[in-house]
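S.K.: build me a structure from this.
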Amino acid sequence: MTTQPISGWHGSLDLVYSCERDTTYLTHALVKAPLKVQRPFYPEGKSICHSVILHTAGGIVEGDSLAQTIRLRENANTLITTATAGKVYRSNGKLAKQIIRFEIESGACLEWVPQETIIFNGAIYQQDLRVELAPGASWLGWEITRFGRSARGEKFLQGNWQSHTEIWQQERPLLIDRQWLPAGEAIVNSSLGLAGQPIVASLIWIGKPVSQNIIEQAQTLWSNKQYSGEAGVTQTQARGLLCRYRGSSTADVRNWFTEVWQLLRLSLMKRSVIKPRVWM
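M.R.: From the prediction side, this is the model:
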């Protein structure tokens, strides 16, 4: 039986993907519990490697310090998701944190599409995500966060959540996105916070330039559906795309994000989305 260290887990994951003869391989995998990566699979053919990351302890608790480093060598194409929804449990005062680093070389494309993260009431959590993007490389990533186990009527009234996302290219920032949510009735109900909704989400694309037509189509994908909540679409300074969501339905935001992802794939990569099998 595996037991958690008294000071919390200090897990890590170091992955390298390389491309040879139009096939993307996982050429290096060094993992430390509780993080683990499943064997790669290829539902789209050998050019795109799908990987699934697991958290074998079932969730993040106070004192945990996790680190992920994922590198894509030149022309590698990789899609990474998670096996289940992430969970960050209640803390007795200690911080839990995760640092994620991506290095994406020229011609490579990483699609980072994890399942939602549930932040339990009382959790104290910080995530720092940084992308080093070479010229000619592409990155699509999303983050879907639910505050409190809303199916049980739980709200995020105690604790603290921070999410920092940075995308850099040749020592120049392309996007800096810092979010902070201190728990409590005021911020949960404020229009500047959750506005009474349990879910916030962001989707970011940086790579091949996004046209105004694509921006408008992404907006139409939202407005034409009977989705719940609020959403917005903007073009980033680096001619990328940024989608925001605030609402109550994981299914709605995931469906919309998947439609936007499909739009970007068809428009910029000339291929359709193949949903990860662990979502089914």
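S.K.: could you pull up phi and psi at Trp256?
M.R.: phi -70, psi -50 (degrees, to the nearest 10).
S.K.: can you check Ser223 too?
M.R.: Torsion angles, degrees, to the nearest 10, at Ser223: phi -70, psi -20.
S.K.: any idea how far Gly159 is from Phe102?
M.R.: 27 Å (CB to CB, to the nearest Å). In short, each C-beta sits where N, CA and C put it, glycine included.
S.K.: do the same with Leu194
M.R.: Distance of Leu194 to Gly159, given as CB to CB: 13 Å.
S.K.: tell me the secondary structure for Thr220?
M.R.: helix (DSSP: H, G, I helix; E, B strand; the rest coil).
S.K.: where's it relative to Leu263, distance?
M.R.: 10 Å.
S.K.: which of those two has more residues huddled nearby?
M.R.: Counted by other CB atoms under 10 Å, Thr220 and Leu263 do not tie: Leu263 has more neighbours, with 19 against 13.
S.K.: ok, the more buried one touching Gln219?
M.R.: No: the criterion here is CB atoms under 8 Å, and Leu263 misses it with Gln219 at 10.8 Å.
S.K.: quick check: buried residues in stretch 33-44?
M.R.: Within stretch 33-44, the residues that count as buried by 16 or more other CB atoms under 10 Å are Pro34, Leu35, Lys36, Val37, Pro40.
S.K.: the residues you listed in strands, which ones?
M.R.: Using DSSP state E, the subset of those located in strands is Leu35, Lys36, Val37.
S.K.: next up, the contacts around the last one.
M.R.: In this case it means Val37. Contact analysis of Val37 by CB atoms under 8 Å, 6 or more residues apart in numbering lists Leu13, Leu15, Leu26, Ala29, Val31, Ser51, Val52, Ile53, Leu54.
S.K.: still on that earlier bit, could I get the buried residues of stretch 33-44 as TSV with pLDDT?
M.R.: Shown next, in TSV, are these (pLDDT from 0 to 100):
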residue	pLDDT
Pro34	96
Leu35	96
Lys36	96
Val37	97
Pro40	95
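S.K.: and the residue lying closest to Pro209 once chain neighbours are set aside, how far is that from Val210?
M.R.: Leaving out its chain neighbours, the residue that sits closest to Pro209 by CB to CB, 6 or more residues apart in numbering is Arg239, at 4.1 Å. With distances taken as CB to CB, Arg239 is found 6 Å from Val210.
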